[in-house]
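Colleague: need coordinates for the below:
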Amino acid sequence: MRIARLLIIPLVLLLAPSIFAADKDQAFTTDKRDFKKRFATIALSPVDADPLFNMPDSVAKIVEEEITKRLQRRGYNVLPSSVLAGIRSTMEAQVGGTTNAETGETDAARLQAVRSHALRELWLQHQFDGVATIRISTTTAQFAKSKAEWDGVTQKVESEGRDKGYGGGIVASSISFAVFDEAMRVQYVYYGGLELLQMRVEAQLLPVPADQYFLDEKRIRKAAQIAVSPI
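Modeller: This is a model prediction of the structure:
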């Protein structure tokens with residue numbers, strides 16, 4: 001389950017959680033040995049995030065920096081996200097922006113159209129083999145004995161009150177890295193666990209305050225590294 005809402009959730013008593021480790025070979029939908037030959041140059045899309053995160057620009061910069069570093073060390077050429085971001089900006093100006101003038105909210109259809117056209121223009125203007133998306137989103141981690149584990153990481157569950165052996169699912173965040181070919185068929189996708197978004201208070205799971213997100217730079221960098229580790 002890659003999407004979860006931040007709800008107040010009553011806990012149940014479990015003996016132990018079920019923890020599943022992702023198989024790095026399964027990150028590729030094509031032959032892993034041919035991947036580097038086919039995708040020698042990868043264009044990055046700007047780092048995106050679910051709306052609830054209100055992600056700072058500094059976080060996006062850290063994530064792209066780590067991913068770029070890993071790809072270049074493995075011999076890939078990288079087209080930075082600023083290239084696609086520039087094309088998007090030009091197209092947004094041409095259509096009068098992506099905000100609904102009456103409501104002040106983002107026009108989802110117009111935003112999608114701008115991004116689709118910008119991607120096509122990127123393929124026309126530059127030479128590369130695949131385009132990559134980077135996104136921070138919610139997921140569900142499993143926890144027991146005050147420790148959660150998901151997408152290659154572990155983290156202590158912050159808690160108040162006596163622990164009576166609670167366990168189960170808890171909302172967390174992860175960074176995904178996905179590579180697509182020119183026909184927008186996914187060729188690679190993998191996740192790196194970022195941080196927990198809930199804490200235990202007695203027998204309930206409550207949301208961590210949003211101002212507590214993205215405070216641990218080491219966790220941000222590690223999540224980005226894990227997301228590209230199979231490459």
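Colleague: beyond the lowest-mean-pLDDT helix or strand in the chain, next helix or strand please.
Modeller: Ranking every helix and strand in the chain by mean pLDDT, DSSP states H and E puts strand 12-13 at the bottom, with a mean of 36. Beyond strand 12-13 on the C-terminal side, the first helix or strand identified by DSSP states H and E is helix 32-38.
Colleague: how about that next one: buried residues?
Modeller: Of the residues in helix 32-38, those buried by neighbour count under the rule 16 or more other Cβ atoms under 10 Å are Phe35. Yep, even glycine has a C-beta here, placed from its N, CA and C like the rest.
Colleague: strands along the protein, start to end?
Modeller: Per DSSP state E, the chain has strands spanning 9-10, 12-13, 41-44, 48-49, 77-79, 130-144, 147-150, 153-156, 159-160, 166-180, 186-196, 198-201, 204-207. These are given in chain order.
Colleague: which of those has the lowest mean pLDDT?
Modeller: Lowest mean pLDDT of the strands of the chain: strand 12-13, a mean of 36.
Colleague: who's in contact with Lys61?
Modeller: Taking Cβ atoms under 8 Å, 6 or more residues apart in numbering, we find Lys61 in contact with no residue.
Colleague: picking up where we left off before, which among the strands of the chain is found nearest to Ala85?
Modeller: Comparison of the strands of the chain against Ala85 by Cβ to Cβ identifies strand 41-44 as nearest, at 9.6 Å.
Colleague: ok, residues contacting the closest one?
Modeller: Residues external to strand 41-44 that are found in contact with it (Cβ under 8 Å, 6+ apart): 64, 67-68, 71, 76-81, 83-84, 122, 126-132, 134, 179.
Colleague: now those: which count as buried?
Modeller: Applying 16+ other Cβ under 10 Å to the contacts of strand 41-44, the neighbour count classes 64, 67-68, 71, 76, 78-79, 81, 83-84, 122, 128-132, 134, 179 as buried.
Colleague: quick one: average pLDDT of stretch 81-98?
Modeller: Averaged over stretch 81-98, pLDDT sits at 86.
Colleague: for that stretch, what is the distance to the chain centroid?
Modeller: Stretch 81-98 sits 22 Å away from the centroid of its parent chain (Cα atoms, centre = their mean, to the nearest Å).
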